[in-house]
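here is my input, please return the structure:
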Amino acid sequence: MDLNFNKNEDHNKLLLSELKKRLAKVKLGGGENRIEKHHAKGKMTARERIDYLLDSKKASVEIGAFAGEDMYAEHGGCPSGGVVVKIGYVKGKQCIVVANDATVKAGAWFPITGKKNLRAQEIAIENRLPIIYLVDSAGVYLPMQDEIFPDKEHFGRIFRNNAVMSSMGITQIAAVMGSCVAGGAYLPIMSDEALIVDKTGSIFLAGSYLVKAAIGETIDNETLGGATTHCEISGVTDYKAKDDKDALETIQRLIDKIGDYDKAGFNRTIAKKPNENPDDIFGILPKSRAEQYDMKEIIKRLVDNSEFDEYKQGYGKTIITAYARIDGWAVGIIANQRKLVKNKKGEMQFGGVIYNDSADKATRFIANCNQKKIPLVFLQDVTGFMVGSKSEHGGIIKDGAKMVNAVSNSVVPKFTIVIGNSYGAGNYAMCGKAYDPRLIVAWPSAELAVMSGNSAAKVLLQIEKASLLKKGEKITEEKEKELFDKIKNRYDNQVSPYYAAARIWTDAVINPLDTRTWISMGIEAANHAPIEKPFNMGVLQV
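The predicted structure is shown next:
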C-alpha cells in the first residue's frame, strides 16, 4: 500500500472512532443516574426493551440515533430525540420498533421526537412493515408545545398515521410500559392490540392532579388508569403483563402468528461477500473532500463477488451506472465518479460533477431499472451540476431536470448512501432526503450543504466585508482572516454528517462496513410492499 493510502486509512479510521464514541454517549440516554432510577422502579430502559424483544442472532439497524444532538441545550438536551427506533426481526419477521426513552425528560416529546416518530411510521407505511410501540412517555414537552402540537407534521399526525396504517392492514402492536398521558393515550389504543404492564403502566387523558383540579375528584393514578382498570373495567387494553419481560414475550408470541406477506418480488440469489477487502475503503477514500479517487474501487468493496456490469461505460463517465448484487439482492447502482475522466470528444471532465451526458445516462438507467423492477442504490459524492456557457448552451438545466424527474417518479425503492460531498442540486439529483429514499445514511466522511465550506465562506466573507465597509470600518488582512475562519468554522459545523443526522436529514451516520447490511435490510423491508403503479415520467422535454 502507498503512503497516501495509509494516510487516508488513518484519517478515516479516526472518523470511525469518533462515530463509535458518539454512539456510546447517545446510548446512555438521559445518563447513568437516570438509568439507575429507572431500574429501581423495576423497569428496563428503552434500549434494553428493544434488545430483549428482537432476535439476538439477526442484524438490526437503528434509525435516528443522533436525532436531537446538540439541539435544545437550553432545555437540557434531548439525546436520540428521547425515543429509540430500530428495524430488526421478531421471531424471524422483520419489524420496526419505536420505544420512548423515559430517562430523557420522562420520555416527553420534543419537536425532533415528533419528527423521528413520524419517520418511523413513514418507513412502516412505505414498506408495509409491522410496527411495535413500547410506550413510556409523559407526553408533549410543554415548554415547546407550540413547536410540536398543532401543525400537519406535529404530534397529531402520529394518530392520523395510526388510523391510516390500520386501514392498510399494517400490524400495529403497542405495549404501555410506563406513563401514557393525554393525547398520547390515543397511540396504543389506535393500534391493533394493546398491552399494559401491571403497576408501572398507566393510561389516562388526565392524571390524578389534573382530575382533582378540573372536576374535584380525588383518585390515585393506578385506580384512574392502571392495568387492572383498563384490562378488567374499561376494556381499553387487551393484555395485562406482570413486568416488562412478560409484555415483550407476549409481543413475540403475537408477532410469531402473523401470516406471510405479499411480496414485491425483487430478485435475490445466494449472497456472496465482496472478493476485494471492504477494509480497503478506509484507504481509498481521500482525507480531503476535494481530492480525486476512483469510485469503482469503492463499489467493488460493496457488491457481491466485487462484480458489476456497467451500463454505458464509455458515455457520461462522471456518473457510474451499473447492475450488481448486494447480499444477493439485484440492484442498480448510480454513483458519482470522483476522478478526472475524458468525454467522447477527448475533453477532461471533473470528478463529482454532473455533466449533460452523465445526467442523460442516469435518466435512461433509472428508467431501465424501473422497467425491470430493480431497486436503486445511489452512492453520493457530488459537488453539483457543471456550470458555464458551454454547459448552459448544451442544455444542462434540461438534462438535469430529466434526471430529477426520473428520480422523483421512480416506483422502485431507492436507497441513498452519502459517501462524501452532497452539495446543492447534486443532492437532489442523486436522491437526497427530499426525493423519498426508503433509507438514507451517511458515512462519517460525508458533507451535506448548498456548497463546500471553503466556497461558502468566501461568498459569506464578501458579504460581511461589504457590510463592514459601509459602516466605515477598515478591513486589515488579519481582520479578514479572522472573519473568514469564524465563518468557515460555523459553516463546517453545519456541513457535518452529525448536524444532518441530528435533524433527521439522514437516517443514520454509519460505519462504511455496515453499508451492505443497511441496503440488504432495506430491500428486504421494501419487498413487503408490492409496486402498485407504473413508472411514468409525465411531461418531459426530450
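
let me know the pLDDT of the residue of the chain most remote from its centre.
Taking CA atoms, centre = their mean, the residue of the chain most remote from its mean C-alpha position is Gly472, at 47.4 Å. You'll see Gly472 listed with a pLDDT of 78.

equivalent analysis for Thr223, please.
At Thr223 the predicted local confidence, pLDDT, stands at 87.

against Phe204, how distant is it?
As judged by CB to CB, to the nearest Å, Thr223 and Phe204 stand 10 Å apart. Using the backbone N, CA and C atoms, a C-beta is placed for each residue, glycine as well.

more neighbours, the two?
Using other CB atoms under 10 Å, the more surrounded residue of Thr223 and Phe204 is Phe204, with 21 against 11.

isn't Pro530 right up against Tyr261?
No: with contact defined as CB atoms under 8 Å, Pro530 does not count as touching Tyr261 (9.2 Å).

surely Thr171 and Asp192 touch.
Yes: checked against CB under 8 Å, the pair Thr171 and Asp192 is within contact range at 6.0 Å.

neighbour count winner among these two?
More crowded of Thr171 and Asp192, by other CB under 10 Å: Thr171, with 21 against 17.

per-residue confidence for the more buried one?
97.

once you drop chain neighbours, what's closest to it?
Distances taken as CB to CB, 6 or more residues apart in numbering place Pro130 nearest to Thr171, at 3.9 Å, with adjacent residues excluded.

thought Val495 was touching Glu447?
Yes: the pair Val495 and Glu447 passes the contact test of CB under 8 Å, sitting 4.3 Å apart.

moving C-terminal of the helix or strand bottoming out on mean pLDDT in the chain, what's the next helix or strand?
The helix or strand of the chain with the poorest confidence is helix 453-470; it has a mean of 73 (mean pLDDT, DSSP states H and E). Sequence-wise, the next helix or strand downstream of helix 453-470 (DSSP states H and E) is helix 477-495.

average model confidence for the next helix-or-strand element following that following helix?
With elements assigned by DSSP H and E, the helix or strand that comes after helix 477-495 is helix 497-502. Mean pLDDT, computed over helix 497-502, is 96.

what do you get for stretch 31-41?
Across stretch 31-41, the average pLDDT comes to 93.

can you list the residues that contact that stretch?
With contacts defined as CB atoms under 8 Å, 6 or more residues apart in numbering, stretch 31-41 is touched by Leu28, Gly29, Met44, Thr45, Ala102, Thr103, Val104, Thr200.

buried ones among those residues?
Gly29, Met44, Thr45, Ala102, Thr103, Val104, Thr200 (16 or more other CB atoms under 10 Å).

could you dump the contacts of stretch 31-41 to TSV with distance to Gly400?
Shown next, in TSV, are those (distance: CB to CB, whole Å):
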residue	distance to Gly400
Leu28	45
Gly29	43
Met44	51
Thr45	47
Ala102	48
Thr103	47
Val104	43
Thr200	56
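
same list (the residues you listed) but as CSV, adding secondary structure and distance to Thr506.
Listed next are the contacts of stretch 31-41 as CSV, based on DSSP: H, G, I helix; E, B strand; the rest coil; distance: CB to CB, whole Å:
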residue, secondary structure, distance to Thr506
Leu28, coil, 22
Gly29, coil, 21
Met44, coil, 29
Thr45, coil, 25
Ala102, coil, 26
Thr103, coil, 25
Val104, coil, 21
Thr200, coil, 35
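
contacting residues around Ile255?
Val90, Lys91, Lys93, Cys95, Pro130, Ile132, Thr171, Ile173.

most surrounded residue in those?
Among the contacts of Ile255, the one with the most neighbours (other CB under 10 Å) is Ile132, at 29 neighbours.

residues making contact with the longest helix along the chain?
For the chain, the longest helix by residue count, based on DSSP state H, is helix 3-26. Helix 3-26 has contacts (CB under 8 Å, 6+ apart) with 1, 65-66, 69, 79-80, 281-287, 444-445, 498, 509-512.

and these, which are buried?
65-66, 69, 79-80, 281-287, 444-445, 498, 509-512.

beta-bridge partners for the nearest residue to Pro437 once chain neighbours are set aside, please?
Nearest residue to Pro437, sequence neighbours excluded (CB to CB, 6+ apart): Thr416, at 4.2 Å. Under the criterion DSSP bridges, Thr416 forms beta bridges with Phe378, Ile440.

residues in contact with Thr416?
Neighbouring residues of Thr416 by CB under 8 Å, 6+ apart: Val377, Phe378, Gln380, Met430, Cys431, Gly432, Lys433, Pro437, Leu439, Ile440, Val441.

quick one: buried residues of stretch 128-146?
By neighbour count with 16+ other CB under 10 Å, stretch 128-146 contains the buried residues 128-141, 144.

would you mind measuring from Ile96 to Phe484?
For Ile96, the distance to Phe484 - CB to CB - is 45 Å.

ok, these two, which is more surrounded?
More neighbours surround Ile96 than the other of Ile96 and Phe484, with 21 against 17 (other CB under 10 Å).

is it fair to say that one lies in a strand?
Yes: assessed with DSSP: H, G, I helix; E, B strand; the rest coil, Ile96 lies in a strand.

contacting residues around it?
Ile63, Val85, Lys86, Ile87, Ala120, Ile123, Ala124, Leu129, Pro130, Ile131, Ile132.

what's the most distant pair in these?
Spanning the widest gap among these are Ile63 and Pro130, at 15.2 Å by CB to CB.
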